[in-house]
Structures are given as structure tokens and as C-alpha cells.
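**Student:** okay, sequence plus prediction incoming.
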Amino acid sequence: MKPDLSEKETSPLLAFHGGAFGALLPFFVFVTGVITIALAGAPDERGFWPVLLLALGLGLLLTKDKAAFSETVIKGMSQPIVMIMITAWILASTIGVLMTITGFVEALTWASGQLRLNGTGFVAATFIICCIVSLSTGSSFATILICGPILYPAGGLLEAHLPTLAGAIIGGATFGDFIAPISDTTIASALSQKAPIGATVRSRVKYVAPAFFLALAAYVVSASLSAGGAKIADPAMAGDPRGLPMLLVPALIIFLFLRGRHLLHGLMIGLLFGVVLGLALGLLPWAQLFSLDLENFRAQSFIIDGMNRAVGISFFTILLMGLVETLKASGLVGRLVTFAADRSKTQRQAETWMAGTVGAAVLLTTHSIVAILTVAEFANKTGEKLGISPIRRANVLSLVVCVFPFLLPYFIPVILMANTTSSGQEFGIEPVAPLQAGLYNFVAWGLLGMLLIVLLTGFGRDSDVKEVGSGKPEVGSDRREPRTDPV
């Protein structure tokens with residue numbers, strides 16, 4: 001699905017009692033509640049459902065036109081991207097269950113024994129693997145959902161430091177979200193600023209390379225200092241190599257993504273292939289595929305288990321997108337953009353205001369693409385007036401939206417990462433809370449450092465100007481379908 005970067009908001013603005021304060025109050029309730037629950041160690045995103053319902057109820061009471069508010073919420077919930085996200089989560093979660101029951105984790109454990117990796121080495125390998133997957137797929141969600149349920153239990157069995165291990169997985173997902181040419185963040189930021197995608201991707205190497213190497217070093221140091229016993233994988237340790245052929249499942253999915261297939265296409269074909277492969281190798285019992293429990297009047301299947309794993313994040317997303325739509329309809333973010341445009345007199349001021357406005361938008365909406373498109377016109381007009389290159393503008397926007405959603409515990413990627421760590425419980429491995437997963441994302445911290453350097457010193461501004469001339473003149477005329485996750 002291609003984002004319509006020229007689409008304008010045509011629905012009437014929602015009016016709230018208390019004006020701007022009334023429009024923002026539901027979001028303050030939402031953010032406060034989510035942060036409180038996350039700091040208390042929320043088990044999963046289901047704990048955020050009551051907070052979202054409370055925020056929506058408060059918004060309904062504060063709005064002047066309750067019928068218009070209700071229609072706005074339904075409009076936000078029923079967007080095609082929401083259904084695409086939910087279906088993708090269902091399929092990816094089901095693949096994670098399939099990989100677990102067919103013995104892939106045990107096979108990785110066996111392979112780790114052959115390579116004699118310890119917990120620290122496995123954390124470093126996990127980070128590199130997730131970087132490759134996210135770069136290939138352009139999807140942070142797919143990276144977390146495919147790699148998390150497989151690599152987290154395997155690393156836990158090697159006694160790797162669990163928060164560092166979770167941070168390595170989400171850190172790899174962050175890497176691809178920023179630089180992958182088929183990432184929705186890359187495409188939205190480049191096209192919204194009329195920048196060539198290929199040249200934009202090349203220009204980002206100088207920003208992401210330092211973050212990558214610093215993060216790799218940080219993961220190694222953190223895992224080394226925090227590991228309980230730094231257990232070495234013994235070739236004779238418990239494990240079974242029979243599940244290794246299941247590696248073909250994620251390999252096929254990555255191949256399909258590299259061929260430009262849709263996220264749902266790749267996941268569905270991967271799931272079907274995995275079922276056939278598991279049955280053919282005798283790794284997937286027919287009873288796990290489908291059976292009837294007549295005594296308890298229910299059906300049993302690994303597919304049902306996978307779908308159950310996706311329930312929490314799915315309903316969280318549905319409710320959240322309804323709340324986000326009310327903020328868009330209030331016009332408050334639009335006024336913030338106008339305020340910023342009036343105060344941008346120099347290139348440094350303009351870049352700072354671009355970062356500030358898109359940061360405010362992503363913090364309030366928790367949606368990276370919505371945030372980028374919200375400030376796109378401001379960044380375009382102000383950048384053109386002050387001579388800031390399109391690629392430079394796109395890079396500033398992407399640096400911001402690839403930091404907060406991967407650090408703060410009320411954003412979907414962090415919650416999703418924490419949720420996938422529950423896959424280790426059947427192996428006796430404790431899950432990681434959202435706050436821990438975000439704090440150990442050293443790639444996001446590295447990108448935040450690069451953002452500060454960019455804004456304070458102007459690093460990369462001249463080279464980004466040179467990259468414009470190396471790109472194609474027709475922006476987006478020869479591009480692949482964007483990934484459809486919102487981060």
C-alpha cells in the first residue's frame with residue numbers, strides 16, 4: 001500500500017471543551033497510564049487496554065460533538081493499515097510458534113554448542129542477524145516477530161543477559177527501520193521531502209554506521225559484565241540438530257521480501273512452507289496442526305496458539321489508532337507546525353524545529369509515519385526557503401522517528417519486543433519488561449547521539465546536498481512497494 005503523501009485532511013475539526021487542553025488531556029492520561037504500568041513491570045500490552053478505553057471515554061466527554069468524535073474514532077480504527085498490521089502480527093506470531101514446536105530453538109542450541117558460543121557471543125551474533133533481517137525486509141515488526149521468538153529462548157539457554165539480548169533484537173530492528181530502502185520510514189521521509197530514495201539511503205550510511213559499531217561494542221560489554229555465569233555452549237549440551245532445516249522458513253520469507261513481495265505475502269507463504277516442511281520431516285505432529293478436544297468442547301492447533309499471542313498487540317493497536325485519529329481531527333498538531341514555521345530563520349533553527357515538531361508529533365500519536373506526514377509540508381516549505389536539501393530534511397525526520405518509538409515503553413515496537421520475550425517461558429526463561437527492552441536498545445541511543453551531533457554541528461549537511469545530484473530526477477518513479485508497519 002503506497003502512502004498518499006499529498007492527501008489533505010478534509011473532515012471538520014473536532015472541538016473540545018477546554019480547547020487545546022481538552023484535546024490533549026486524553027493523550028496525557030494515556031501516556032501517564034502506560035508509563036506507570038510499564039515502570040511497574042507490565043506483563044504485556046493487554047495491561048494498556050483499560051488505559052486506552054479510559055482515554056477514549058475522557059475524549060468523548062470532553063468533545064462538543066460526540067457523534068463526530070465517535071465517527072472519528074471508528075475512522076481511525078478501520079484504516080486499511082490497521083488491518084494489515086494485525087494480520088501480519090497474527091501470521092508472524094504463528095510462525096514463531098511453529099518454529100518453536102518443530103525444535104528450531106533446540107537446533108540453535110545444538111549449533112551454538114558446535115560453535116562453542118557463550119552468552120556474550122550469542123548476543124553479538126543475534127544483533128548482526130537482526131540487522132541483516134531488518135535491512136532485507138524493511139520491517140521492524142517482522143524482524144522482532146520472526147527473530148524474537150527464536151533467538152531469545154536460545155540465548156536464554158546460554159545464560160545470556162536477558163535485557164541485553166532483547167535489546168540486541170530490537171536494536172537490529174531499529175537499524176533496518178532507519179536505512180532499509182524498502183522501510184516505510186525511509187520511503188515516507190524521502191518522498192514527503194521529494195528526495196530520491198536511493199540517494200537518501202546512501203546518505204544515511206554516515207549516520208547509522210557509527211551507531212551500529214558503537215551498539216555492537218555496547219552489547220558485547222553489557223553482556224560480558226551482566227552475564228550470570230557466561231555459560232559456554234558445550235557440544236554435548238542438550239540440543240537436537242533435526243530442527244535446523246526449519247531455517248529455510250525465515251530464509252524463504254527474507255527472499256520473498258528481497259523480491260519486493262508484500263509483507264503479508266511473504267509471511268503467508270512462509271507459514272504454508274513451514275507447515276509442509278515440518279510435516280515432511282516429521283517435526284510437526286498432525287495433532288499440533290489440528291485436533292479436537294471433545295471432552296472440553298474445543299479445537300487445538302498451534303495456529304490458535306499463535307493467534308492468541310497476537311491478540312494483545314492487535315486490540316492495543318485498534319484502540320490506539322482510534323485515539324490518534326481524534327488528535328489529528330482536533331487540528332492541534334497543525335497549529336504547532338505553523339508556530340514552528342514562523343520561528344525558523346536559519347538552517348540550524350529550521351532543522352531544530354523540524355526535529356522538535358516531528359518529535360512532538362510522534363510522542364503524541366505514537367505513529368512514525370503519521371508524524372512524518374504531519375510535518376511534511378512545514379519541512380518542505382521551510383527547507384526550500386532556507387536552502388536545506390531534500391535528503392537532509394528526510395534524514396532529520398527519520399533520525400527522530402527511529403529513536404523514540406524504539407526506546408520508550410509505550411510505543412508498539414518496544415511493547416512488541418517485550419511481548420515476544422514470553423516465548424522463553426516454556427524453557428524456564430523469564431520475560432523482559434518493555435522499559436528494559438527500550439533501555440538496552442543501544443542502536444536507538446546511538447541514533448539519538450547522532451541526531452544531537454547533526455543539530456548542534458551541522459554534520460552531514462554538505463554531503464547530503466551532494467547526494468541530491470546523484471539521485472534520479474523523478475522521485476519514487478522506480479521504487480518498490482513500502483512496508484506497511486507504522487515504525
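**Tutor:** That came through fine.
**Student:** rest of the way, CA atoms for contacts and neighbours
**Tutor:** OK.
**Student:** which residues touch T338?
**Tutor:** Counting by CA atoms under 8 Å, 6 or more residues apart in numbering, T338 makes contact with F378.
**Student:** tell me which element it falls in.
**Tutor:** Take DSSP states H and E as the rule and T338 turns out to sit in helix 332-342.
**Student:** give me the helices and strands touching the first helix or strand past that helix going along the chain, please.
**Tutor:** Towards the C-terminus, the helix or strand next in line after helix 332-342, according to DSSP H and E, is helix 347-365. The helices and strands touching helix 347-365, judged by 3 or more CA pairs under 8 Å, 6 or more residues apart in numbering; DSSP states H and E, are helix 302-330, helix 332-342, helix 368-386, helix 390-401, helix 442-457.
**Student:** change it to 10 Å
**Tutor:** Using 3 or more CA pairs under 10 Å, 6 or more residues apart in numbering; DSSP states H and E as the contact criterion, the neighbours of helix 347-365 among helices and strands are helix 20-39, helix 302-330, helix 332-342, helix 368-386, helix 390-401, helix 442-457.
**Student:** can you tell which of those helices is closest to I197?
**Tutor:** Of all those, it is helix 390-401 that lies closest to I197, at 8.7 Å by CA to CA.
**Student:** what pLDDT, on average, does the closest one get?
**Tutor:** The average of the pLDDT scores along helix 390-401 is 94.
**Student:** and it, C-alpha only, in PDB?
**Tutor:** Presented in PDB, the C-alpha positions along helix 390-401 are these (Å, rounded to 0.1, in the frame of the first residue of the first chain):
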ATOM      1  CA  PRO A 390      15.500  17.400   0.500                       C
ATOM      2  CA  ILE A 391      17.800  14.500   1.600                       C
ATOM      3  CA  ARG A 392      18.900  16.400   4.600                       C
ATOM      4  CA  ARG A 393      15.300  17.100   5.600                       C
ATOM      5  CA  ALA A 394      14.400  13.500   5.100                       C
ATOM      6  CA  ASN A 395      17.300  12.300   7.300                       C
ATOM      7  CA  VAL A 396      16.500  14.700  10.100                       C
ATOM      8  CA  LEU A 397      12.900  13.400  10.200                       C
ATOM      9  CA  SER A 398      13.900   9.800  10.100                       C
ATOM     10  CA  LEU A 399      16.600  10.200  12.800                       C
ATOM     11  CA  VAL A 400      13.900  11.400  15.200                       C
ATOM     12  CA  VAL A 401      11.200   8.800  14.500                       C
END
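**Student:** that one: how far from the chain's middle?
**Tutor:** Once both centres are worked out by CA atoms, centre = their mean, to the nearest Å, helix 390-401 turns out to sit 17 Å from its chain's centre.
**Student:** just want the angle from it to helix 368-386.
**Tutor:** Compare the direction of helix 390-401 with that of helix 368-386 by axes from the mean of the first three to the mean of the last three CA atoms, to 10 degrees and you get 140 degrees.
**Student:** chain center to the helix or strand just after helix 390-401, what's the gap?
**Tutor:** Next helix or strand after helix 390-401 toward the C-terminus (DSSP H and E): helix 412-420. What separates the centre of helix 412-420 from the centre of its chain is 8 Å, taken as CA atoms, centre = their mean.
**Student:** mind listing what's buried along stretch 14-28?
**Tutor:** For stretch 14-28, the neighbour count (16 or more other CA atoms under 10 Å) marks L14, A15, F16, G22, A23, L24, L25, P26, F27 as buried.
**Student:** try stretch 83-98
**Tutor:** For stretch 83-98, burial by neighbour count (16+ other CA under 10 Å) applies to 85-98.
**Student:** out of those, the closest to T164 would be?
**Tutor:** Each of these was checked against T164 using CA to CA; the closest is G96, at 20.7 Å.
**Student:** can I get the buried residues of stretch 14-28 in a markdown table with distance to G331 and pLDDT?
**Tutor:** Converted to a markdown table, the buried residues of stretch 14-28 look like this (distance: CA to CA, whole Å; pLDDT from 0 to 100):
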| residue | distance to G331 | pLDDT |
| --- | --- | --- |
| L14 | 8 | 88 |
| A15 | 9 | 90 |
| F16 | 11 | 92 |
| G22 | 12 | 89 |
| A23 | 9 | 88 |
| L24 | 11 | 88 |
| L25 | 15 | 92 |
| P26 | 15 | 92 |
| F27 | 14 | 86 |
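**Student:** just to revisit the earlier point, and the helices and strands packed on helix 347-365 as CSV, adding distance to C147?
**Tutor:** CSV is the format used below for these (distance: least, CA to CA, whole Å):
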stretch, distance to C147
helix 20-39, 23
helix 302-330, 15
helix 332-342, 36
helix 368-386, 22
helix 390-401, 22
helix 442-457, 17
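**Student:** please identify the deepest-packed of those helices.
**Tutor:** By mean neighbour count, with neighbours taken as mean count of other CA atoms under 10 Å, helix 390-401 ranks first of these at a mean of 27.
**Student:** packing partners for it?
**Tutor:** Secondary-structure packing of helix 390-401 (3+ CA pairs under 10 Å, 6+ apart): helix 162-179, helix 184-192, helix 197-203, helix 205-226, helix 347-365, helix 368-386, helix 442-457, helix 461-470.
**Student:** point out the most buried one among the ones you listed.
**Tutor:** For those, the largest average neighbour count (mean count of other CA under 10 Å) is found in helix 162-179, namely a mean of 31.
**Student:** now that helix - C-alpha only, CSV.
**Tutor:** What follows is helix 162-179, C-alpha atoms only, in CSV (Å, rounded to 0.1, in the frame of the first residue of the first chain):
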residue,chain,number,x,y,z
LEU,A,162,18.3,-11.2,29.0
PRO,A,163,17.7,-7.4,28.8
THR,A,164,20.8,-7.1,26.6
LEU,A,165,19.6,-10.0,24.5
ALA,A,166,16.2,-8.3,24.0
GLY,A,167,18.0,-5.0,23.3
ALA,A,168,20.1,-6.7,20.6
ILE,A,169,17.0,-7.9,18.8
ILE,A,170,15.1,-4.6,18.9
GLY,A,171,18.4,-2.8,18.1
GLY,A,172,18.8,-4.8,14.9
ALA,A,173,15.2,-4.0,14.0
THR,A,174,15.9,-0.3,14.6
PHE,A,175,18.9,-0.5,12.2
GLY,A,176,16.8,-1.6,9.2
ASP,A,177,13.9,0.8,10.0
PHE,A,178,16.3,3.7,9.5
ILE,A,179,18.3,2.7,6.5
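**Student:** what angle do helix 442-457 and it make with each other?
**Tutor:** 50 degrees.
**Student:** chain center to helix 162-179: distance?
**Tutor:** Taking the mean of its C-alpha atoms, helix 162-179 sits 10 Å from the chain's own mean (CA atoms, centre = their mean).
**Student:** quick check: angle from that helix to helix 205-226?
**Tutor:** Here helix 162-179 runs at 180 degrees with respect to helix 205-226, directions being taken by the same axes, to 10 degrees.
**Student:** mean confidence for helix 162-179?
**Tutor:** When the per-residue pLDDT values of helix 162-179 are averaged, the result is 94.
**Student:** which one is A188 nearest to, not counting chain neighbours?
**Tutor:** Spatial nearest neighbour of A188, excluding adjacent residues (CA to CA, 6 or more residues apart in numbering): I369 at 6.7 Å.
**Student:** cool, L56 as well?
**Tutor:** Counting by CA to CA, 6+ apart, L56 lies nearest to L323, which is 6.3 Å off, once chain neighbours are set aside.
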